[in-house]
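>>> need coordinates for the below:
(2 chains)
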2 protein chains.
Amino acid sequence: MKRYLWISIWFIIVSLFYSPSMGADRWGTGALLVIVERENSSVVIVDSLTNKILGRISDLGLLHHATVSFSHDARYAYLVSRDGWLNKLDLLTIKRVARIRVGESSIGLAVTQDNRFVAVTNYKPADVKIVDAETFAIVHTIPAYKEVEGKKVYSRTLGMVDAPGNLLVFSLMDVDGIWVVDADQNDFPVIKKFWNIGRMPYDALLTPDGRYYIAGLYHSRHLAMLDTWTLDKIQKISLKDPLKKTPKKGMRKVPHLEGWAMGNNLLFAPVVGEERLTVYEFGSWKLIKSIDLAGIPMFAMSCPGGRYIWVNFAGPNHRFVQVIDSLKIEVIKTLEIGDRVFHMGFSPKGNRIYLSSYKENKVVVIDTRNFQIIKEIPVRNPSGIFSSVRAHILGL
Amino acid sequence: MKRYLWISIWFIIVSLFYSPSMGADRWGTGALLVIVERENSSVVIVDSLTNKILGRISDLGLLHHATVSFSHDARYAYLVSRDGWLNKLDLLTIKRVARIRVGESSIGLAVTQDNRFVAVTNYKPADVKIVDAETFAIVHTIPAYKEVEGKKVYSRTLGMVDAPGNLLVFSLMDVDGIWVVDADQNDFPVIKKFWNIGRMPYDALLTPDGRYYIAGLYHSRHLAMLDTWTLDKIQKISLKDPLKKTPKKGMRKVPHLEGWAMGNNLLFAPVVGEERLTVYEFGSWKLIKSIDLAGIPMFAMSCPGGRYIWVNFAGPNHRFVQVIDSLKIEVIKTLEIGDRVFHMGFSPKGNRIYLSSYKENKVVVIDTRNFQIIKEIPVRNPSGIFSSVRAHILGL
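Predicted coordinates for the structure are as follows:
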């Protein structure tokens, strides 16, 4: 009998003192990468300090063009799948903790600046859904349309960002509009509607300083820019370079704009369907230069610190990336990474870059200082790489 | 006997399933605040999403002028006390996990851009100590001196920042120098020494874009600026405003420079001992304006997004803060907070500001959109407020 008593006491002590939370299975959430396994309906979570995979979360829906935003404490990643599933992923337990269907075809999302809601842009139905981050219920729907001769013309939505003053800004693809929503009010009113911004916005971003909303346009040769501090008008920034005639190529993919890059107080903007980047002076938006590239740019992303801009390509040169020095304003390096480089991400202070090679089932880790490969992480058909640093960047 | 057996089994089950790590005691580390209790040798950790105190860590040394930096995953806060104790605080368990004495009188610190080392500037002895972040042993000492007529004149060090390319930059107070260290090399060589930068640097910062190192000077009427991309020369930025004559007041406290603020592509720099801020165009460093203030500025800090600059004061108007709109370039708000407002911090995306009222034992939480008080958090003699967002900001 006494023996069992001692066993009991021993287990009491163990259960009091033993706690997995004290061990190596805990981590800070500030330097994690969520990497999309595009054909596997899953993501892997990588610790960018050790370059180790912490775990995998599966059953997330169709992950073509899947996008991720983070709660402000970087504990949760919100992932929206192409087929309309919004997933809430706990980065401490590596588990999905909630999901909800927000549309039949979804394309992007943002977390409001008060951290309370997730806003998703849908292609189908033509609306924006607002989801409570806690209860994970849809609390509001914003139908997207333009009234033309008394009729409602509905539109796909995209380019959702959080903006200063707890605003949300997004674009209406089929009716050439940009709308501004006040997320501070319970009924999420659309407080501004801008029309005729240019033909067919296809993606948009907030500049890293958190001020300017810029939409790329599929059929116009300018960018549409809104100053979110003043919300007064759409400014047009020309993409034409009078000094340069480059042929327009067939469009396999349009560039993604959240990747637009700032460095040396310059903005580096990929041109749709051409093998060049345009470089603008920040604020005045004066065209400084066009830079010839090895292919049609897909993403142009600034390494933290802004000195170097990394570019990947759609089309034939998909195996390569190029590095632009924002001080010299020219390409300084061309690197071969692997079959179909789909996306890029950085460690928090930019000493490492992570590159998806979709066809070769690997994420290549490179030292940004000497361009040497440090490691290759096995990931199934990797596409998007999302650093939890984004939790703190306005517009992401 | 059987009864004890069942009790044993019950405890086995409990100890297998019970895990504090699954419960509410876990948190992401991206939105935490480390708040210094200046006279209590302790800090409290506050979750800026809930504004609740998660816990207190004590026995940290003399915390007058204590400074905090973070590991890149925001799991650990490194705190250096005035009397030379470097502490490593685990923000998941709210415990100190390591400490080491690095000097008799310490003043600042930075984490290297590879996240491997903590560099501390000392007043006494006149050196910089490099501590391994993992083993927490001193791995290198950099004595700080200038050779004058064959003799070594030793100097207090300060203004330590991490800079692009895994560099460290700091200033030498008593010999008017700025030194650059390559933290990528095992022996941490000083690769550049700049002299005659101006008389008596007292603090320094890296601009938020991560590029320019700027030192304030106690006895010179300019700022000393080093471009860390080129590392070629010290540029002098004049603090004199030809349009303005403001009396030089007695100096109770010098302004702290890590708080210098960027917004609207402008830099807002407090002037030593005068009741004004100077405003410069970023990059060209052209003086745009002086702004009159309610007192001698101590910190001028930009709310994430850059639209609003918050300023607190040394001297008589210590109960107040003022808010500058960087678009209008003028003061738009004066708020009374409490006796001796010592420091400020923001929530990750800037919807909340936290202000220490040292004498009233409280941290006041304000909604930055409507300037209303949301909460007062009881904290013993609070001074420095350090957001874990700093883990990702170059130079902090």
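>>> quick one: the helix or strand residue A:301 falls within near chain B?
Assigned by DSSP states H and E, residue A:301 belongs to strand A:296-302. No: using C-beta under 8 Å from any C-beta of the partner chain, we find that strand A:296-302 stays clear of chain B, coming within 10.1 Å at best. For the C-beta atoms, the positions are set from N, CA and C on the backbone; glycine is no exception.
>>> show me how far that strand is from its chain's centre.
A distance of 13 Å separates the centroid of the chain from that of strand A:296-302, by C-alpha atoms, centre = their mean, to the nearest Å.
>>> other residues contacting that strand?
A:208, A:249, A:251-253, A:255-256, A:259-263, A:268-271, A:273-277, A:308-315, A:324, A:326, A:342-344, A:346 (C-beta atoms under 8 Å, 6 or more residues apart in numbering or on different chains).
>>> which of these are buried?
A:208, A:253, A:255-256, A:259-263, A:268-271, A:273-277, A:308-315, A:324, A:326, A:342-344, A:346 (16 or more other C-beta atoms under 10 Å in any protein chain shown).
>>> just the buried positions in stretch A:70-87, please.
For stretch A:70-87, the neighbour count (16+ other C-beta under 10 Å) marks A:70-82, A:84-87 as buried.
>>> poorly predicted segments of the stretch 1-150 of chain A, please.
By pLDDT under 70, the low-scoring segments of the stretch 1-150 of chain A are A:1-24.
>>> again, only this time at 50
Within the stretch 1-150 of chain A, the stretches with pLDDT under 50 are A:17-23.
>>> mind listing the strands for it?
Taking DSSP state E, counting those that start in this stretch as the criterion, the stretch 1-150 of chain A carries its strands at A:32-37, A:42-47, A:52-57, A:67-70, A:76-80, A:85-90, A:95-101, A:105-111, A:117-124, A:127-132, A:138-143, A:145-148.
>>> can I get those strands in TSV including distance to residue B:368?
Below are those laid out as TSV (distance: least, C-beta to C-beta, whole Å):
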stretch	distance to residue B:368
strand A:32-37	28
strand A:42-47	32
strand A:52-57	34
strand A:67-70	21
strand A:76-80	23
strand A:85-90	27
strand A:95-101	29
strand A:105-111	17
strand A:117-124	18
strand A:127-132	22
strand A:138-143	24
strand A:145-148	34
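>>> among those strands, which is nearest residue A:288?
Among the strands of the stretch 1-150 of chain A, the nearest to residue A:288 by C-beta to C-beta is strand A:105-111 (29.3 Å).
>>> next, the angle from that closest one to strand A:76-80.
Put simply, strand A:105-111 runs at 150 degrees to strand A:76-80, going by axes from the mean of the first three to the mean of the last three C-alpha atoms, to 10 degrees.
>>> list the strands paired with strand A:105-111, with their directions.
Using DSSP bridges, strand A:105-111 pairs in its sheet with strand A:117-124 (antiparallel).
>>> in the partner strand, what counts as buried?
Under 16+ other C-beta under 10 Å, the buried positions of strand A:117-124 are A:117-123.
>>> and the strand holding residue A:301, what's its mean pLDDT?
Per-residue pLDDT over strand A:296-302 has a mean of 92.
>>> which strands border that strand, and is each parallel or antiparallel?
strand A:308-314 (antiparallel).
>>> just checking, next helix/strand downstream of the partner strand?
Sequence-wise, the next helix or strand downstream of strand A:308-314 (DSSP H and E) is strand A:320-325.
>>> distance from the chain centre to that next one, please.
With C-alpha atoms, centre = their mean as the basis, strand A:320-325 stands 20 Å off its chain's centre.
>>> what's it in contact with?
Strand A:320-325 is touched from outside by A:268, A:277, A:291, A:293-295, A:300, A:307-313, A:330-337, A:341, A:344, A:355, A:371, with contacts defined as C-beta under 8 Å, 6+ apart.
>>> leaving out sequence neighbours, find the closest residue to the residue of the stretch 51-200 of chain A found nearest chain B.
Residue nearest to chain B within the stretch 51-200 of chain A (C-beta to the nearest C-beta): residue A:75, separated by 2.7 Å. Nearest-residue entry for residue A:75: residue B:28, 2.7 Å, with adjacent residues in sequence omitted and distances by C-beta to C-beta, 6 or more residues apart in numbering or on different chains.
>>> and that neighbour, how close does it get to residue A:54?
Counting by C-beta to C-beta, to the nearest Å, the gap from residue B:28 to residue A:54 is 14 Å.
>>> now residue A:160
Distance of residue A:160 to residue A:54, computed by C-beta to C-beta: 28 Å.
>>> again, but for residue A:380
Residue A:380 is 16 Å from residue A:54, by C-beta to C-beta.
>>> ok so, going back, among the contacts of strand A:296-302, which are located in helices?
Among these, DSSP state H puts none in helices.
>>> out of those, which sit inside strands?
Counted as lying in strands by DSSP state E, out of these, are A:261-263, A:268-270, A:276-277, A:308-314, A:324, A:342-344, A:346.
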